[in-house]
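In: quick one, structure for this:
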Amino acid sequence: MRLFARDAKVEALKRMSLFEGLSRQELGELAKRTEDMEVAPSKVLCQEGSIGQEFFVIMEGEVEVTRHGRSIGTYGSGEFVGEIALIADVPRTATVTATTPLRFFVMTRQAFLKLLDDNPRVERKVLRALAKRVASMSTEPTV
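Out: Prediction:
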């Protein structure tokens, strides 16, 4: 089911720091590999502790993010959750639950890795963005 135009997805992906170096064409390739979805309130998108296989870009509606049963925030239109799952095969760090009717698109880890295999330039750009993110969060001086 198609809910969102490709351009709307490209604009949403462009705001993610993980994809900051990608061209519009590369973002378009990424957008092609997503699936549009809508769910009712109280639907759990991802469960803390489970292994993540996808990330979510919220187009309309709101979700609550909880960790250890306590609310740590809400996310709405234009925001995203679960991006760690694209890169690392690790347990989810939080539970994400729809609090309103929710429309979003999702990309699986498998689709993302296939894109990287098919487009080495995209992979290099994503790795650069990740390195910047890690460096900005590090308190250790670099040598």
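In: measure Ala111 to Glu60 for me?
Out: Spatial separation of Ala111 from Glu60 under the definition Cβ to Cβ, to the nearest Å is 22 Å. For every residue, glycine as well, the C-beta is placed using N, CA and C.
In: could you do Arg124 as well?
Out: 33 Å.
In: report the buried residues of the helix or strand bottoming out on mean pLDDT in the chain.
Out: Ranking every helix and strand in the chain by mean pLDDT, DSSP states H and E puts helix 120-137 at the bottom, with a mean of 79. Neighbour counts over helix 120-137 (16 or more other Cβ atoms under 10 Å) mark 122, 125-126, 129 as buried.
In: out of the residues you listed, who's nearest Phe55?
Out: Val126 (12.7 Å; Cβ to Cβ).
In: and the closest residue to that closest one other than its chain neighbours, which of the three is it?
Out: Spatially, and ignoring its direct neighbours in sequence, Val126 is nearest to Leu18 (6.3 Å; Cβ to Cβ, 6 or more residues apart in numbering). Look at Leu18: counting by DSSP: H, G, I helix; E, B strand; the rest coil, its state is helix.
In: got the contact list for Leu18?
Out: Counting by Cβ atoms under 8 Å, 6 or more residues apart in numbering, Leu18 makes contact with 83, 86, 126, 129-130, 133.
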